[in-house]
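In: For reference, the sequence and a predicted model appear below.
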Amino acid sequence: MKIGILTFHNERNYGAFLQTYALYKHVKSLGHEPEIIDFNLEETFHHSIGVRLFRPLIDKYIWNSAMSSFLTLSELRYTAANRHVLKSGEYDLYILGSDQVWNPDITKDSFLTYVFDFLDEGVPRISYASSFGLNTWPFNENDTSSFNFFLRRFNALAVREPSAQSLLEDNTGLRSTVVVDPTLLLSNYQEIIGSDITQVPKRLVCFKFTKDDGFYEFLRSFKKKFSLDAIVLNKTIPPYGIKVVSLPTIRKWLKSLASAEYIFTDSYHGLIFALVFKKKVIVKPANIKNFGRLKDLMQVLQLENRIYYNYNDVLNDDNWKNEIDYDGVYKILNPMIEDSKNYLNTEINICEKTLDR
């Protein structure tokens with residue numbers, strides 16, 4: 001089947017790109033022809049003057065090159081301005097992919113695009129690992145009615161977190177399946193990073209979305225106290241005494257995490273790739289309001305002792321030095337991964353049989 005995937009593929013975000021890549025690769029491995037529906041949201045994040053100045057080069061060498069190398073995109077590029085051009089009939093099946101596709105703080109006025117409001121009734125569609133990224137229901141009464149109307153046209157619904165499952169059932173009455181983030185569907189990422197990965201002892205790689213006022217002071221103290229080689233990913237201007245990898249490519253970003261001994265992060269996909277590469281991980285939430293999705297996963301995997309709510313706790317409690325029992329983690333995680341693969345395989349096969357009738 002020709003399958004159209006709608007997700008956040010072009011948000012200039014490493015996790016967003018890699019979850020798109022992983023779902024695309026898995027669907028392709030099932031013998032189908034996936035294509036990313038090239039719908040682009042208006043960017044609302046405010047970058048530094050330097051990043052804005054070099055944006056064309058950054059887009060070309062980091063994001064556009066990765067998309068052209070690893071993904072097949074739809075022939076047409078869509079935005080809010082021309083979304084009326086989106087229509088049924090382009091694909092045999094539509095998959096609403098992972099990430100916070102149901103977070104209206106991100107999707108804004110395009111939120112109904114992410115429940116396929118442009119598809120005719122009866123066109124096969126499923127969701128995979130869709131998320132609100134929030135702990136509370138984000139829609140008012142009118143938007144909930146519209147959201148619910150189009151969700152009820154889905155053949156099957158799968159969400160990324162138990163909290164999303166509860167939000168959906170409590171506010172729409174719809175049931176869903178909890179599945180893993182698509183990045184966990186792949187067993188390796190050698191196509192992107194190659195096979196030449198060597199762990200660097202005592203190297204701490206930091207990937208933080210929110211670098212608050214105390215972060216670099218903490219990192220300098222942390223390096224000195226524990227004699228670690230600390231590196232920060234995706235920082236434009238190096239702060240005093242801290243190594244950085246400025247604006248890394250997808251390959252460099254992944255390879256940096258894969259070669260670390262420790263990973264310090266507040267990012268969902270930072271945590272995911274710590275699990276993929278079996279690293280000692282330290283998670284410090286940036287925002288408790290949006291921490292539910294990380295906390296859900298860490299509780300399920302019995303990794304709550306790797307969560308630190310302030311920097312002093314990291315400095316004074318060196319439990320993070322201990323090896324993680326990844327045999328135990330994957331004893332929990334592997335059945336979840338298999339169930340997630342079975343969900344996709346089953347629902348795609350059902351839709352395929354429906355088309356054959």
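Out: Great, that's in hand. Residues are numbered from 1 along each chain as shown.

In: Centre of the chain to stretch 27-38, how far?
Out: 18 Å (C-alpha atoms, centre = their mean, to the nearest Å).

In: start to end distance for it?
Out: This stretch, stretch 27-38, spans 17 Å end to end (C-alpha to C-alpha, to the nearest Å).

In: Isn't Ile95 up against Pro124?
Out: No. Ile95 lies out of contact with Pro124 (C-beta atoms under 8 Å); the separation is 9.5 Å. Bear in mind the C-beta positions are built from the backbone N, C-alpha and C, glycine included.

In: out of those two, which sits in the more crowded spot?
Out: Ile95 (29 against 23; other C-beta atoms under 10 Å).

In: what's the spacing between the more buried one and Asn82?
Out: Ile95 sits 22 Å away from Asn82 when distances are taken as C-beta to C-beta, to the nearest Å.

In: Next: Thr346.
Out: Taking C-beta to C-beta, one finds Thr346 at 35 Å from Asn82.

In: do Lys211 as well
Out: Taking C-beta to C-beta, one finds Lys211 at 36 Å from Asn82.

In: what about these two, which has more around it?
Out: Between Lys211 and Asn82, Lys211 has the larger neighbour count (other C-beta under 10 Å), namely 16 against 11.

In: Can you name the residues that contact Asn345?
Out: Leu30 (C-beta atoms under 8 Å, 6 or more residues apart in numbering).

In: quick one: low-confidence parts of the stretch 151-300 of the chain?
Out: Along the stretch 151-300 of the chain, the model assigns pLDDT under 70 to residues 235-236, 289.

In: Helices along that one, start to end?
Out: 162-172, 190-193, 215-226, 250-259, 268-276, 292-300 (DSSP state H, counting those that start in this stretch).

In: The last one - contacts with which helices or strands?
Out: Same thing as helix 292-300. Here helix 292-300 touches helix 162-172, helix 268-276, going by 3 or more C-beta pairs under 8 Å, 6 or more residues apart in numbering; DSSP states H and E.

In: possible to save these as JSON lines with distance to Glu261 and mean neighbour count?
Out: What follows is those, written out as JSON lines (distance: least, C-beta to C-beta, whole Å; neighbours: other C-beta atoms under 10 Å):
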{"stretch": "helix 162-172", "distance to Glu261": "31", "mean neighbour count": "18"}
{"stretch": "helix 268-276", "distance to Glu261": "11", "mean neighbour count": "24"}
